[in-house]
Every structure is written in C-alpha cells, then in structure tokens.
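Student: below is the structure, and that's it, no one-letter string:
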DNA sequence: CACTCATTTCAGAAAGTTGTGAAGTTAAGA
DNA sequence: TCTTAACTTCACAACTTTCTGAAATGAGTG
C-alpha cells in the first residue's frame, strides 16, 4: 500500500461500475453494454474513448466496439469526434434515459398489435377473445401513458 | 385437406401462440415461459394442465414444469387443483399484468439504490456525482409513478 | 398397501450467447 | 503516397442457458 488513499478512491469507483452494471444487467441490459454504460456514467470527464473503456473494463477493443454500437443504436450513447481528431469520444446523451423509457411505449404497442392478430384468430366473441381484448387495452394504455409520464418528469425538472 | 376449416382455425390459434411468444420474448421474457403464458392466453377453457401445455407446445413435461414454476413465482400464473383432483390447472391471474408492470417499481428502486452508492464513491460535488444524482432522481420518479399509473388504469377499468 | 398417473428433479446434451485474437478498413499526418 | 493508430469485422473458443430423458417423488384410488 504505497498510495492508499487515491487507490481506494479509484477502487471505489471501479467497484461502483461493476455494481451498477450488475443491477442494470438484472434489469434486462446485456452484460457488456451494461458495463460500458456504467463506466461512462462514472467518469468525471463526461466522455471516454473506446480505448479508455477497454482499459477501464479490462476487455478487448472488439468487445467495446460491439457494446458501443449497440448502445448508440438504442439511443443511450452518442459518438462524438472533434474535427481533426483521430479518436471517437463516447458520451451519455443528456436525456437518454427519459427517451429510452419513453420508447418502451413501442414495446407495448407491439404487444398490443400481436394480440390484435390473436383476437382475429380466436374470435372476438369467444372467452379467449375477451381475455385478449382486456390485455390489449392495458398495453395500449401503457403505450399512451408512458410518454406522458416522461413529459411530466421534464416539466418537474424544468421547474426545479 | 380432409377437414380444412377446423384445422385452419386451430392452426391460426397455434400461430398466434408462437407469434405472441416471440414478441413477448423480445420484450424481455424467457422463451419457454413466454410460450407457456401465450398458450394460456389463447385457450378458450381459461386454464390448462401441464400435460395439455406440453402437448400444445410440443415440449417435454420437464420444460413445462420449469416454465410454470417461474411464471407462478413472478406472479403471472396461478396453480389451481380442485379437491379430489389429480392434476394441476394453470391459469392467468386476472390482474397479473397490472401487478407485474407495477412491480417494475422495485427494479427502478434497485437502480436508484445502486446509484446512491456511486454518489458516495465518486463524490456528490463532482461532475460524475451530479450526473448520477439526476439519473437517480429519474429512477425514483418512475418507482413512485408506476404504481400510480396502474391505479389509474384500475379506476378507468372500473368506470368505463 | 400397492398401483397408477401427474409432476418434479437432475445430469447431461444441445443450442445460443458472448468475448477474444487476428486480419481488415478507414482516416490523419508526414 | 506511405505510415500509423483507432476502430471494426469475423471466425472461433469459452461460457451460459435451455431443454430433454430418466429416475424420483407425491397424491389419489382400488
């Protein structure tokens, strides 16, 4: 233990990255994207290059490449390269979470649409049809209300 | 094609089961639980035995056993055995979905708690600390609002 | 109390997922 | 144009998850 204090602080940060990544994984995110996102959450600089992420997480550049591509695709991250720069900087979008959760409405929309096809297949007047209709209506309710909830959050934020 | 009409109706139902299971899987449910749940959604009788589920999905009893155990555990299904019966009947709980979605609040609660530990590790006054605080507050907002949203759905249901 | 049938458990096979190393591609700078 | 460094792609290996078959358990019935 030559430099105990700085080390233990770095260590605490590193631990948080893995801790949050684990919780995030349990909530449904894939492992490597969860770790990459977590590392970006925890960085003081606000952004990291792919190389820095690979070093921080002790994984190959290939693994980082796959993870950031996925995260950019689902809109949680953005890639920014300064003019005349040779490296990409990845950073978490400001409203990433809000959009991400709000976008769940499309998940519910898809479930509702699938159920609609089921109602036709099974007959709207049958017991199964009735059950499906109720389920569909609940999903449509969520698809409609989630974006409103995000909007409400933005307003509360704006006011303070 | 000896009996075209009945067959195509059965076939349509079977297709819906697989179609919905797929969408449900994309939304995060494991494959076999998704299929089992889907089969129960589509049944006219309102309930199925484990053997019936195995036949409908063309899988082993063991696979059904594992899937229903999981579904019962997360509260989407219930097991009902009539007195003096030798078989279990599985059925979808009436309010299963509402509870299931409402219970997501605990997911967000866990995320918020993990982030709280990160704020301590990284320092509340640092740039990363600020970013974490905002993220945490959003999760807490969701954890609080989701149950209210479900309550609102129940009220609308009751009236309309 | 033995028999039968539904369900569960468990070891192992099959399938699917994830991460690595190495080769390939792109773009900046000499 | 050549070199260099960052990043990406891809085939493969390691790991995990999922499902099956077989044996065990449990509950009703003769």
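Tutor: Good, I have the coordinates. Keep in mind it's a predicted model, so treat the numbers as computed, not measured.
Student: any idea how far residue A:58 is from residue A:14?
Tutor: Plainly put, residue A:58 is 10 Å away from residue A:14 if you go by CB to CB, to the nearest Å. For the C-beta atoms, the positions are set from N, CA and C on the backbone; glycine is no exception.
Student: higher neighbour count, the two?
Tutor: Summary of the neighbour comparison: residue A:58 and residue A:14, criterion other CB atoms under 10 Å in any protein chain shown, with residue A:14 having more neighbours (16 against 9).
Student: pLDDT score assigned to that one?
Tutor: pLDDT for residue A:14: 91.
Student: do the same with residue A:6
Tutor: At residue A:6, the model reports a pLDDT of 49.
Student: how about the residues of chain A near DNA strand C?
Tutor: A:30-32, A:58-63, A:66-67, A:84-86 (CB under 7 Å from any atom of the strand).
Student: who wins on neighbours among those residues?
Tutor: Neighbour count (other CB under 10 Å) singles out residue A:67 as the most crowded of those, with 25 neighbours.
Student: quick check: buried residues in the lengthiest helix in chain A?
Tutor: Looking across chain A with DSSP state H, the single longest helix is helix A:127-159. Of the residues in helix A:127-159, those scored as buried under the neighbour-count criterion (16 or more other CB atoms under 10 Å in any protein chain shown) are A:128-129, A:131-132, A:135-143, A:145-147, A:149-150, A:153.
Student: with adjacent residues omitted, what lies nearest to the residue nearest in space to the middle of chain A?
Tutor: When CA atoms, centre = their mean is applied to chain A, the residue found nearest the centroid is residue A:76 (5.4 Å). Counting by CB to CB, 6 or more residues apart in numbering or on different chains, residue A:76 lies nearest to residue A:96, which is 4.7 Å off, once chain neighbours are set aside.
Student: that neighbour: neighbour count?
Tutor: Going by other CB under 10 Å, the residues that sit close to residue A:96 add up to 18.
Student: how about it, what does it touch?
Tutor: Contacts of residue A:96 were listed using CB atoms under 8 Å, 6 or more residues apart in numbering or on different chains, and they are A:75, A:76, A:77.
Student: surely the second one meets residue A:38?
Tutor: Meaning residue A:76. No: because the distance of 11.2 Å does not satisfy CB atoms under 8 Å, residue A:76 is recorded as not touching residue A:38.
Student: helix, strand or coil for the residue of chain A most remote from its centre?
Tutor: Note on chain A: the largest C-alpha distance from the chain mean falls to residue A:125, namely 39.9 Å (CA atoms, centre = their mean). Under DSSP: H, G, I helix; E, B strand; the rest coil, the three-state class of residue A:125 is coil.
Student: all strands for chain A, in order.
Tutor: Under the criterion DSSP state E, chain A carries strands at the ranges A:48-49, A:77-80, A:89-92.
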